[in-house]
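> 3D model of this:
(chains A and B)
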2 protein chains.
Amino acid sequence: MYREKIKVLDCTVRDGGLINDHHFTDDFVRAIYKAISKSGIDYMEFGYRSSRELFPPSDYGAWKYCDDDKISEIIDGIESDVKISIMVDSYRVKEQEFRPADESPVDMIRAATYVKYIDSSIELIKKCHDLGYETTCNIMAVSTEIEPDIVEALKQLADSPVDIVYVVDSFGALYSEQIKYLVNLYQEHLPGKELGVHCHNNQQLAFGNTIEGIIHGANYLDGSLYGIGRGPGNCCLELLVGFLKNPKFNLTPILKVIQDEMMPMLKEIEWGYMIPYMITGMMNEHPRSAIAYRNTPDKDKYAEFYEQMREAEE
Amino acid sequence: MYREKIKVLDCTVRDGGLINDHHFTDDFVRAIYKAISKSGIDYMEFGYRSSRELFPPSDYGAWKYCDDDKISEIIDGIESDVKISIMVDSYRVKEQEFRPADESPVDMIRAATYVKYIDSSIELIKKCHDLGYETTCNIMAVSTEIEPDIVEALKQLADSPVDIVYVVDSFGALYSEQIKYLVNLYQEHLPGKELGVHCHNNQQLAFGNTIEGIIHGANYLDGSLYGIGRGPGNCCLELLVGFLKNPKFNLTPILKVIQDEMMPMLKEIEWGYMIPYMITGMMNEHPRSAIAYRNTPDKDKYAEFYEQMREAEE
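Presented below is the predicted three-dimensional model:
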């Protein structure tokens, strides 16, 4: 038996873009969009709408900016009921523009923030809500925040027009009992709002923790094809769809696009379970030191990396 | 805070041996034994004690039989507090011999069985118990058994001298709520016995489900280095040790042996998360069809494999 309220969001192109500075080809993005459309997934996220002042186009591909016209160009002519989302780092909003929702291919804007920047996040959410978008607030790195600060942010969000608030395990550090605690805490302080979960796979817990989120009431679930995403990546979309029983979902197009697009992609860019990411996850640290280590000739000296990380704690 | 009663068993050589017909070199097994000894892990399992009549030595390596003298040869001269276990398919006992425990390097004998063979399993357990071994019963494929049959087997085990009974997710099919159900069911019918969990990683849930087992009272936990094991493999020992807080465990030798032995091994033999195993897990099927498919030129045609499996259900 399935829970009708559950919505699945594919973040393949958005989170995957963190590995290659958003340099996916149009053909790749179109193939993903086609497959996601056929599979009955509810949302697909294309990337970020970032500031060109802060992030010059010489350094990034199109999906760092997600211009409306670029998205329209990709989806043109493809039959689809998939809603489109983009993410905005809401503490880095500069000159980016947002058209009214009914003039844009975008349906949902997801404001990513840290607890300390919750005010600027709510400002963006209000603006996007008034323009007619669905809105979410994705509070990152919550595994490093103390409860009173989280609760204060949640109370502000409770009074905002935000539709959905996400528990985001940025560092892949959380175990199931911690997911349970956070989802329950969010629920307590966000009456009437929907909750989401976005988990990272540092400790091979992204799918298990997503299930834990479902058990405690989260209805918005992020996944990506074969788990693509920065470092260890995300909850695998194929696992999530295999678990959810809603007959509107169709696994076959998902498996097909994994074999046709993701397996070749995995030969070009690296993601998935690797010991350095397991170590940063276990230590509740940002993966940046593991990413840096994977770019050195010592990338497979796991014991050494662990000892370095332990020393850095002193 | 840690739970003193928790014991960790490394099944690298035993479950890994299912991939290569137990043809590990002595050097490899010795390197694993050294690392497991340094890491403070409680048990290491070397393989099966199988019948040479049923499984001729021309087809298998030494760890299919785990002769006492062979084990002694490997561990000779290595300082260690690790207890040694071997597994026996208790429904295939023929001419195998078991010395009294105090004349053997083996400390624990684990009887693997299906529910339908529980009587022969208990016979072996009694014999091994009388010889002075610790004993376990590992009831395989429990995800395909109906409750009255499981309960009958558990009641027989409750009256036997077995020390530990394992919930074994042979097909990697179980989700956390099902692990909870089974561990609770075992607990109810096995007063005074310890419980264990052995999970497979078809759906990237082996570690998450092991944690679920811990939450509900299982104290014997199986893991293997970098998750090595047939098909998708097992719960990663490194993740388990990272999670458990007992200061007697030391992660560094585990990471060292992964880099030195397991990463090169992964270039020779295949294990880990792969879509065909995810499909058999999701469908609660034995991995044999996925193993066979991985040995064909079509091994990466995931959608086709899924459709074949769906058709076979009719």
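> mind checking which helix or strand whichever residue of chain A sits closest to chain B is in?
Evaluated by CB to the nearest CB, chain A has A:Gly208 as its residue closest to chain B, separated by 2.6 Å. In this view, the C-beta of every residue, glycine as well, is placed from N, C-alpha and C. Assigned by DSSP states H and E, A:Gly208 belongs to helix A:206-215.
> Could you list every helix and strand in contact with that helix?
Of the remaining helices and strands, those touching helix A:206-215 by 3 or more CB pairs under 8 Å, 6 or more residues apart in numbering or on different chains; DSSP states H and E are strand A:164-169, helix A:176-189, strand A:194-199, strand A:220-223, helix A:237-243, helix B:176-189, helix B:206-215.
> May I see these arranged in a markdown table, with mean pLDDT, mean neighbour count and distance to B:Ile258 as well?
Below are those laid out as a markdown table (pLDDT from 0 to 100; neighbours: other CB atoms under 10 Å in any protein chain shown; distance: least, CB to CB, whole Å):
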| stretch | mean pLDDT | mean neighbour count | distance to B:Ile258 |
| --- | --- | --- | --- |
| strand A:164-169 | 98 | 26 | 24 |
| helix A:176-189 | 98 | 18 | 24 |
| strand A:194-199 | 98 | 25 | 24 |
| strand A:220-223 | 98 | 26 | 28 |
| helix A:237-243 | 98 | 24 | 24 |
| helix B:176-189 | 98 | 18 | 26 |
| helix B:206-215 | 98 | 26 | 15 |
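> Compare the ones you listed and give me the one nearest B:Val13.
Using CB to CB as the measure, helix B:206-215 is the one of these that comes nearest B:Val13, at 17.7 Å.
> pLDDT of stretch A:65-81, averaged?
Across stretch A:65-81, pLDDT averages out at 98.
> Now do the closest residue in space to A:Asn219 that isn't next to it in sequence, the pLDDT please.
If the residues on either side of it in the chain are set aside, A:Asn219 comes closest to A:Lys5, at 4.5 Å by CB to CB, 6 or more residues apart in numbering or on different chains. According to the per-residue confidence, A:Lys5 scores 97 in pLDDT.
> Can you classify A:Lys5 as helix, strand or coil?
Going by DSSP: H, G, I helix; E, B strand; the rest coil, the secondary structure assigned to A:Lys5 is coil.
> Please parse chain A into its domains.
The record, using automatic domain parsing to delimit domains, assigns chain A the ranges A:7-268, A:275-312.
> Can you lay out the helices and strands packed on helix A:206-215 as TSV showing distance to B:Ala290?
Formatted as TSV, the entries for the helices and strands packed on helix A:206-215 read as follows, by distance: least, CB to CB, whole Å:
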stretch	distance to B:Ala290
strand A:164-169	30
helix A:176-189	27
strand A:194-199	26
strand A:220-223	22
helix A:237-243	14
helix B:176-189	21
helix B:206-215	16
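> so which of those gets nearest A:Ile36?
Proximity to A:Ile36 (CB to CB) singles out helix A:237-243 among these, at 8.5 Å.
> I'd like to know which elements the next helix or strand after the closest one is packed against.
Reading on from helix A:237-243 to the C-terminus, the next helix or strand found by DSSP H and E is helix A:251-257. With contacts defined as 3+ CB pairs under 8 Å, 6+ apart, helix A:251-257 has these neighbours: helix A:26-39, helix A:237-243, helix B:302-312.
> contacts for the helix or strand that the longest one is followed by?
This points to helix A:26-39. Sequence-wise, the next helix or strand downstream of helix A:26-39 (DSSP H and E) is strand A:43-48. By CB atoms under 8 Å, 6 or more residues apart in numbering or on different chains, the list of residues contacting strand A:43-48 from outside reads A:7-15, A:17, A:22, A:29, A:32-33, A:36, A:62-66, A:71, A:74, A:82-89, A:107-108, A:110.
> Out of the residues you listed, which sit inside strands?
Among these, the members falling in strands (DSSP state E) are A:7-10, A:83-89, A:108, A:110.
> With distance to A:Gly231 as new columns, can those be given to me in TSV?
As requested, the ones in strands among the contacts of strand A:43-48 are arranged in TSV below (distance: CB to CB, whole Å):
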residue	distance to A:Gly231
A:Lys7	25
A:Val8	22
A:Leu9	19
A:Asp10	19
A:Lys83	27
A:Ile84	25
A:Ser85	22
A:Ile86	22
A:Met87	17
A:Val88	22
A:Asp89	18
A:Met108	25
A:Arg110	20
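> Whichever of those end up buried, select them in ChimeraX.
Here is the ChimeraX command that selects only those of the ones in strands among the contacts of strand A:43-48 that count as buried (16 or more other CB atoms under 10 Å in any protein chain shown):
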select /A:7,8,9,10,83,84,85,86,87,88,89,108,110
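> contacts with chain B among the ones in strands among the contacts of strand A:43-48, please.
Checking the ones in strands among the contacts of strand A:43-48 against chain B by CB under 8 Å from any CB of the partner chain, not one of them is in range.
> So which of the ones in strands among the contacts of strand A:43-48 is the closest to A:Glu145?
For the ones in strands among the contacts of strand A:43-48, the closest approach to A:Glu145 (CB to CB) belongs to A:Asp89, at 17.4 Å.
> Tell me how many other residues surround A:Ala62.
The criterion is other CB atoms under 10 Å in any protein chain shown. On that basis, A:Ala62 has 21 neighbouring residues.
> Neighbours of the residue nearest to it when sequence neighbours are not counted, how many?
Ranked by CB to CB, 6+ apart and with sequence neighbours excluded, the top spatial neighbour of A:Ala62 is A:Lys70, at 5.1 Å. The local packing count at A:Lys70 equals 16, with neighbours defined by other CB under 10 Å.
> Looks like A:Lys70 contacts A:Pro57 (just checking).
No - counting by CB atoms under 8 Å, no contact exists between A:Lys70 and A:Pro57, whose distance comes to 11.8 Å.
> Columns distance to A:Lys267 on top of the helices and strands packed on helix A:251-257, output as CSV?
As requested, the helices and strands packed on helix A:251-257 are exported to CSV (distance: least, CB to CB, whole Å):
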stretch, distance to A:Lys267
helix A:26-39, 14
helix A:237-243, 19
helix B:302-312, 16
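> B:Ile164: which of these is closest?
Closest approach to B:Ile164 among the helices and strands packed on helix A:251-257 (CB to CB): helix A:237-243, 30.0 Å.
> helices and strands around the closest one, which ones?
Secondary elements touching helix A:237-243 (3+ CB pairs under 8 Å, 6+ apart): strand A:7-10, helix A:206-215, strand A:220-223, helix A:251-257, helix B:275-282.
> One more pass at 7 Å, please.
Helix A:237-243 sits against helix A:206-215, strand A:220-223, helix A:251-257, helix B:275-282, with contacts defined as 3 or more CB pairs under 7 Å, 6 or more residues apart in numbering or on different chains; DSSP states H and E.
> Report the beta-bridge partners for the nearest residue to A:Gly196 once chain neighbours are set aside.
Taking CB to CB, 6+ apart, and ignoring the residues beside it in sequence, A:Gly196 has A:Tyr220 as its nearest neighbour in space, at 3.1 Å. Note on A:Tyr220: beta-bridge partners A:Lys7, A:Gly196, judged by DSSP bridges.
> need the contact list for the closest residue to A:Glu307 other than its chain neighbours.
Leaving aside its chain neighbours, A:Glu307 sits nearest to B:Thr252 (6.7 Å; criterion: CB to CB, 6+ apart). Taking CB atoms under 7 Å, 6 or more residues apart in numbering or on different chains as the criterion, B:Thr252 is in contact with A:Ala303, A:Tyr306, A:Glu307.
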